[in-house]
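Q: only geometry, no sequence info:
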């Protein structure tokens, strides 16, 4: 074994240091730690394997090429085949992984017994079809968000992965972003106090989709973060408008309710003059803001809140506003996509659930599905399980 390498079944050093703290889970207002099934698998880390994972990638277009670029740079990844219907996409893939076999036929990848795992970065309507076929072929599967377009499809993939004993991982990229990972750690350590609400703005001009609305396209990132921090969603109320194409909302405002009384409000749009990627988390002790458009200081932690004064005669005197320091934590320089791909390889070799596993993907799809019903029927929709 190479110096510094870990055996495939050994937990990463980062996990060993933080395991006990991670199991406690964040505190949500009004309740103890939320049910954590599927919420916080082991922390990701970067380390070498004694043997690489032989992969194929289906879909190497605008986003898929970014995944491929990161896989090509990882010694633990052996990209053996790439598939895409576009000649320019295959040409770009050949530049990134010149030794990989190029094909327009997904069956050529899925039917290759030497390929252990498949990365799926197709358009959303193909996610379920490709992921199901890969799992049936005995492959470990990474699929871009969302996992599927319906709850029934997502449940099928989770069940199939469990039956076949295969890793199923979803591309909830923000769960690998150093700023959001730091916020999760602060929440799990209780540094923010009881978590009360979260709101996120994810807007820009384009890319306009035709087969999914702005909420389906943009909100899975924020919903995955909200689930990690607040637990399971219980209900959704969504409003939106379709200005450019009938039946495809260009802007959506959604309020998501969580089991302990916490809320998340998400504004998603591809019809906006600004590009904004900002999330605010409000706790009883401190508040955290992640602004991914900031070039350097992406995370700020505000020591602000409203405290209760014991023994006060009236409510006005019982509440005092507290304003303290603003902290800008140091964040290790790391590309979230690289960390995400490392986690996929790590989960395969360590035979464990990924940080964003199939259950995580399923729960996000539940919220997306409920939001579509709320948009269509104009009412609050409870999330059934």
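A: On my side now, so go ahead. Quick caveat: nothing in here was measured; it's all calculated off a predicted structure.
Q: List of residues touching the longest strand along the chain?
A: Across the chain, the longest stretch assigned as strand under DSSP state E is strand 271-283. Strand 271-283 is touched from outside by 180, 183, 187, 192-205, 208, 214, 222, 225, 229, 243-244, 250-251, 287-293, 305, with contacts defined as Cβ atoms under 8 Å, 6 or more residues apart in numbering. Glycine gets a C-beta too; all of them are placed from N, C-alpha and C.
Q: how much space is there between residue 265 and residue 258?
A: Distance, residue 265 to residue 258, by Cβ to Cβ, to the nearest Å: 12 Å.
Q: Which of those two has more residues huddled nearby?
A: More neighbours surround residue 258 than the other of residue 265 and residue 258, with 24 against 17 (other Cβ atoms under 10 Å).
Q: and stretch 114-133, which residues are buried?
A: 115-122, 124, 126-128, 130-133 (16 or more other Cβ atoms under 10 Å).
Q: average pLDDT for that stretch?
A: The pLDDT scores in stretch 114-133 average 97.
Q: Helices of the chain, residue ranges please.
A: Assignment of helices within the chain using DSSP state H yields the ranges 13-24, 64-72, 87-96, 106-110, 127-136, 151-164, 178-188, 214-218, 220-230, 315-318, 336-350, 358-377.
Q: any chance of those in CSV, plus distance to residue 327?
A: As requested, the helices of the chain are exported to CSV (distance: least, Cβ to Cβ, whole Å):
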stretch, distance to residue 327
helix 13-24, 19
helix 64-72, 30
helix 87-96, 39
helix 106-110, 47
helix 127-136, 39
helix 151-164, 38
helix 178-188, 10
helix 214-218, 29
helix 220-230, 18
helix 315-318, 28
helix 336-350, 22
helix 358-377, 29
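Q: what's near enough to touch residue 214?
A: Residue 214 neighbours (Cβ under 8 Å, 6+ apart): 240, 249, 250, 251, 252, 268, 269, 270, 271.
Q: pLDDT score for it?
A: Confidence score, pLDDT, at residue 214: 97.
Q: how does this structure divide up, domain by domain?
A: 13-174+337-350, 178-335+366-382 (automatic domain parsing).
Q: mean pLDDT for the helices of the chain: which is lowest?
A: Across the helices of the chain, the lowest-scoring stretch is helix 13-24, with a mean of 35.
Q: buried subset of the contacts of strand 271-283?
A: Counted by 16+ other Cβ under 10 Å, the contacts of strand 271-283 give 180, 183, 187, 192-204, 214, 222, 225, 229, 250-251, 287-292, 305 as buried.
Q: Give me the subset of these that lies in strands.
A: Under the assignment DSSP E, the buried ones among the contacts of strand 271-283 contribute 195-204, 251, 287-291, 305 to strands.
Q: pLDDT averaged over stretch 378-385, what's the number?
A: pLDDT averaged over stretch 378-385 gives 95.
Q: Could you pull out the buried residues of that stretch?
A: By 16+ other Cβ under 10 Å, the buried positions in stretch 378-385 come out as 381, 383.
Q: Can you list the neighbours in contact with it?
A: Residues contacting stretch 378-385 (Cβ under 8 Å, 6+ apart): 232-237, 239, 366-367, 370-371, 373-374.
Q: Buried ones among these?
A: Neighbour counting by 16+ other Cβ under 10 Å classes 232, 233, 234, 236, 237, 366, 367, 370, 371, 374 among the contacts of stretch 378-385 as buried.
Q: Of these, just say which sits nearest to residue 171.
A: residue 367 (16.4 Å; Cβ to Cβ).
Q: Wait, residue 157 touches residue 357, no?
A: No - look at residue 157 against residue 357 with Cβ atoms under 8 Å: they stay out of range, at 10.8 Å.
Q: Looking at those two, which is more packed in?
A: Using other Cβ under 10 Å as the criterion, residue 157 and residue 357 rank with residue 157 on top: 25 against 22.
Q: which residue sits closest to the more buried one, ignoring its sequence neighbours?
A: Residue nearest to residue 157 in three dimensions, not counting chain neighbours: residue 131, with 5.4 Å by Cβ to Cβ, 6 or more residues apart in numbering.
Q: Was I right to think the one you found contacts residue 149?
A: No - using Cβ under 8 Å as the test, residue 131 is too far from residue 149 to be in contact (11.6 Å).
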